[in-house]
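Visitor: this is the structure alone, sequence omitted:
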């Protein structure tokens, strides 16, 4: 193939790549919680995980033909995506935690293989960059969430006979918001909320796996005014201020004893915690 033919083919591929669908910006995206990585990012608010790979015809061992470059770039992006998925899946409290099992790693590799191309383009040096994207919700969370998060059967709270005919008094909360701004918290797939005394306020025993897998254990945002707050916690959320972070991986958020007691006295907490209607507000 002549140089002119190579350039012509490359330009054709470029214009085809620019026609690929790219995720549109969502309202309030600047307030979404995103963790950047060297070759990708995790958007904890939308559950989108992306990784970028690159291949150049001048790299040693790479076929110079334009047809081969996109495949090499996609392979590189896939390797980077596996690395990011593995990092967020296996953040452990203990540095001596066991390595990921073969079954989980096989599942992560399958997710990376199935990841869709969200963008690809040639750079000025005739190298190609490819971005792959996948979702955290669904298969990935089913794969990596701890086994102690199981299914919780429907609960029916029966009031005492003398109160059965009385109208409900007080505010009926629809969800929980934890304001963790200023605490240096960073997102993890399985956060735990505890009281100052170490009692678990929101953890595996309150969560139904069905909801955790489909929606995430909680929703992360970087402003309390984000539309996702109302979508998740409903129109009448209980708002609690976090005191400090805990654990080596920020997995624990500590709240005051009085706030923990307030949550415990909220009868409807069994419903909204089971459904993971919990929002954690972080710093931008």
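Guide: Yep, it's here. What you are looking at is a predicted structure, and each value in this text was computed from that prediction instead of being measured. Numbering: from 1, shown residues only.
Visitor: going forward, measure contacts and count neighbours with C-alpha atoms only.
Guide: Fine.
Visitor: what are the ranges of the helices in the stretch 51-200 of the chain?
Guide: In the stretch 51-200 of the chain, the segments counted as helices under DSSP state H, counting those that start in this stretch are 68-89, 102-114, 139-144.
Visitor: just put the ones you listed in TSV and tack on mean neighbour count, mean pLDDT and distance to residue 50.
Guide: As requested, those are arranged in TSV below (neighbours: other C-alpha atoms under 10 Å; pLDDT from 0 to 100; distance: least, C-alpha to C-alpha, whole Å):
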stretch	mean neighbour count	mean pLDDT	distance to residue 50
helix 68-89	20	92	7
helix 102-114	16	92	10
helix 139-144	18	94	14
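Visitor: quick one, which of these is nearest to residue 126?
Guide: helix 68-89 (9.3 Å; C-alpha to C-alpha).
Visitor: the helices of the stretch 51-200 of the chain into JSON lines, with extra columns for distance to residue 124?
Guide: Conversion of those to JSON lines gives the following (distance: least, C-alpha to C-alpha, whole Å):
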{"stretch": "helix 68-89", "distance to residue 124": "14"}
{"stretch": "helix 102-114", "distance to residue 124": "27"}
{"stretch": "helix 139-144", "distance to residue 124": "36"}
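Visitor: looking at the ones you listed, which is closest to residue 269?
Guide: Judging the helices of the stretch 51-200 of the chain by C-alpha to C-alpha, what sits closest to residue 269 is helix 139-144, at 23.1 Å.
Visitor: how far off centre is that closest one?
Guide: When distances are taken as C-alpha atoms, centre = their mean, to the nearest Å, helix 139-144 is centred 11 Å away from the chain's centroid.
Visitor: stretch 72-84 too?
Guide: Going by C-alpha atoms, centre = their mean, the spacing between the C-alpha centre of stretch 72-84 and its chain's C-alpha centre is 19 Å.
Visitor: how about stretch 218-235: buried residues?
Guide: Neighbour counts using 16 or more other C-alpha atoms under 10 Å place 218-224, 226, 228-230, 232-234 of stretch 218-235 among the buried residues.
Visitor: can you pick out the most distant pair from those residues?
Guide: Greatest spacing in those, by C-alpha to C-alpha: 222 and 234 (17.3 Å).
Visitor: show the contacting residues for residue 266.
Guide: Under the criterion of C-alpha atoms under 8 Å, 6 or more residues apart in numbering, the neighbours of residue 266 are residue 173.
Visitor: domains for the protein, by residue range?
Guide: Per automatic domain parsing, the structural domains of the chain span 3-144, 172-281.
Visitor: how close does the closest residue to residue 48 other than its chain neighbours sit to residue 214?
Guide: By the measure of C-alpha to C-alpha, 6 or more residues apart in numbering, the closest residue to residue 48 outside its immediate chain neighbours is residue 135, 4.8 Å from it. Distance, residue 135 to residue 214, by C-alpha to C-alpha, to the nearest Å: 10 Å.
Visitor: now residue 79
Guide: For residue 79, the distance to residue 214 under the criterion C-alpha to C-alpha works out to 25 Å.
Visitor: equivalent analysis for residue 183, please.
Guide: Taking C-alpha to C-alpha as the measure, residue 183 falls 28 Å from residue 214.
Visitor: residue 216: neighbouring residues, count only.
Guide: By other C-alpha atoms under 10 Å, 26 other residues sit near residue 216.
Visitor: show me the contacts for it.
Guide: When contacts are taken as C-alpha under 8 Å, 6+ apart, residue 216 is in contact with 137, 141, 189, 276.
Visitor: between the residues you listed, which is closest to residue 151?
Guide: Proximity of the contacts of residue 216 to residue 151 (C-alpha to C-alpha) peaks at residue 276, which lies at 12.4 Å.
Visitor: which SS class is that closest one?
Guide: For residue 276, the secondary-structure state derived from DSSP: H, G, I helix; E, B strand; the rest coil is coil.
Visitor: one step back: turn the buried residues of stretch 218-235 into a markdown table, including secondary structure, distance to residue 114 and pLDDT.
Guide: Shown next, in a markdown table, are the buried residues of stretch 218-235 (DSSP: H, G, I helix; E, B strand; the rest coil; distance: C-alpha to C-alpha, whole Å; pLDDT from 0 to 100):
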| residue | secondary structure | distance to residue 114 | pLDDT |
| --- | --- | --- | --- |
| 218 | coil | 25 | 96 |
| 219 | strand | 25 | 95 |
| 220 | strand | 26 | 96 |
| 221 | strand | 28 | 95 |
| 222 | coil | 30 | 92 |
| 223 | coil | 33 | 90 |
| 224 | coil | 34 | 90 |
| 226 | coil | 31 | 89 |
| 228 | helix | 28 | 90 |
| 229 | helix | 31 | 93 |
| 230 | helix | 32 | 93 |
| 232 | helix | 28 | 95 |
| 233 | helix | 32 | 96 |
| 234 | coil | 34 | 95 |
